[in-house]
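In: 3D, please:
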Amino acid sequence: MRVDISTPDGNAEAWLATPDDEGPNPGILLFIDALGLRPRIHEMADRIASWGYVVLAPNVFYREGRAAETSPDGPLDTDEKRGAFFAEAGPRIQRLTPAQALPDIKAYLDALTSRPDVTVPVGVVGYCMGARLAIRAACAHPDEVAACAGFHGGGLATDEPDSPHLGLPDADARFLFGHADQDPSMDAAAVARLHAAMDAADVDGINEVYAGARHGYTMADTAVFDEAATERHFAELRELLDDTL
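Out: Predicted coordinates for the structure are as follows:
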């Protein structure tokens, strides 16, 4: 169901998925990809909830408009449609700076952990640009986040002074990364940089490339959907969450 989350900059709509039992159950904060809060995200959140988790997926682009205004109006089932949407969405992604994202993340976590049906610690999972937000959540809130996963993430380990991977020494979570193969937003050098940072920070985790899977492979409403990679991601995500939460 749809809910609203109060943030310092206004209300963010979100999708809330709950398991069949009354709980309490562990909470999961799901950070959406660049395509927005839409039916595919609802489906993914619902599936994770069916494992016994309370899942909250906020519209991280709430400053730009409601979910319907910041998502495609239909499947991006060709590379041309996908490219056209990203041309529109690119500036929106750039405007979501760490300075904006960090207070938002706190508001999202507060909304999730304050629910009477949610136990703490919680897990976070992010897709595409959402993987950056998931890492920032784990690093900024180590007492609340025990599991952090990112799939086909971009820009996770860059040369910039605010790169997400630089916060890993502050985290106390188990990590799982499933990178897209030959992804220009997370190339082999960046994957190696992330791996080195994980080792240096002595964090527990998995950092792997899904061979043959393109950036966005979990998104069934796009032309890059890869069913085998998606099912692998669900299996590995469930194992992470069950083992830590």
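In: What are the neighbouring residues in contact with His195?
Out: Contact partners of His195, counting by C-beta atoms under 8 Å, 6 or more residues apart in numbering, are Asn207. Just so you know, the C-beta spots here come from the backbone N, C-alpha and C atoms, and that holds for glycine as well.
In: Name the secondary structure element that contains it.
Out: When elements are assigned from DSSP states H and E, His195 belongs to helix 188-201.
In: Would you mark the buried spots in that helix?
Out: Buried positions in helix 188-201, judged by neighbour count with 16 or more other C-beta atoms under 10 Å: 190-191, 193-195, 197-198, 201.
In: With only the CA atoms kept, save that helix in PDB.
Out: Presented in PDB, the C-alpha positions along helix 188-201 are these (Å, rounded to 0.1, in the frame of the first residue of the first chain):
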ATOM      1  CA  ALA A 188      36.200  -3.400 -13.400                       C
ATOM      2  CA  ALA A 189      38.500  -0.800 -11.800                       C
ATOM      3  CA  ALA A 190      35.600   0.500  -9.700                       C
ATOM      4  CA  VAL A 191      34.600  -3.100  -8.600                       C
ATOM      5  CA  ALA A 192      38.300  -3.700  -7.600                       C
ATOM      6  CA  ARG A 193      38.400  -0.400  -5.700                       C
ATOM      7  CA  LEU A 194      35.200  -1.300  -3.800                       C
ATOM      8  CA  HIS A 195      36.700  -4.700  -3.000                       C
ATOM      9  CA  ALA A 196      39.900  -3.200  -1.700                       C
ATOM     10  CA  ALA A 197      37.900  -0.800   0.400                       C
ATOM     11  CA  MET A 198      35.800  -3.600   1.900                       C
ATOM     12  CA  ASP A 199      39.100  -5.500   2.700                       C
ATOM     13  CA  ALA A 200      40.600  -2.400   4.300                       C
ATOM     14  CA  ALA A 201      37.600  -1.700   6.400                       C
END
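In: per-residue confidence averaged over it?
Out: Here helix 188-201 scores 98 as its mean pLDDT.
In: before we move on, the earlier item: let me have the buried residues of helix 188-201 in TSV, extended by distance to Gly150.
Out: Below are these laid out as TSV (distance: C-beta to C-beta, whole Å):
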residue	distance to Gly150
Ala190	12
Val191	12
Arg193	14
Leu194	10
His195	13
Ala197	13
Met198	12
Ala201	15
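In: Need the residue closest to the centroid of this structure.
Out: Among the residues of the chain, the one closest to the centroid is Gly126, at 1.1 Å (C-alpha atoms, centre = their mean).
In: Need the contact partners of stretch 162-175.
Out: Contact with stretch 162-175 is made by 98, 124, 132, 135-136, 138-140, 142-143, 145-150, 155-157, 193-194, 197-198, 200-201, 203-207, 240, 243-244, as judged by C-beta under 8 Å, 6+ apart.
In: and it, how far from the chain's centre?
Out: Relative to its parent chain, stretch 162-175 has a centroid offset of 15 Å by C-alpha atoms, centre = their mean, to the nearest Å.
In: same question, stretch 200-209
Out: Its chain's C-alpha centre and that of stretch 200-209 lie 17 Å apart, by C-alpha atoms, centre = their mean.
In: same check, this time on stretch 27-44
Out: The answer for stretch 27-44 is 8 Å, by C-alpha atoms, centre = their mean.
In: Just the terminal-to-terminal distance for that stretch.
Out: Start-to-end span of stretch 27-44 (C-alpha to C-alpha, to the nearest Å) is 15 Å.
In: cool, stretch 158-169 as well?
Out: End-to-end span of stretch 158-169 (C-alpha to C-alpha): 16 Å.
In: going on from the worst-scoring helix or strand of the chain on mean pLDDT, what's the next piece of helix or strand?
Out: Least confident helix or strand, the chain: helix 79-95 with a mean of 90, by mean pLDDT, DSSP states H and E. Going down the chain from helix 79-95, the next helix or strand is helix 98-113, by DSSP H and E.
In: Fine by me, thanks again.
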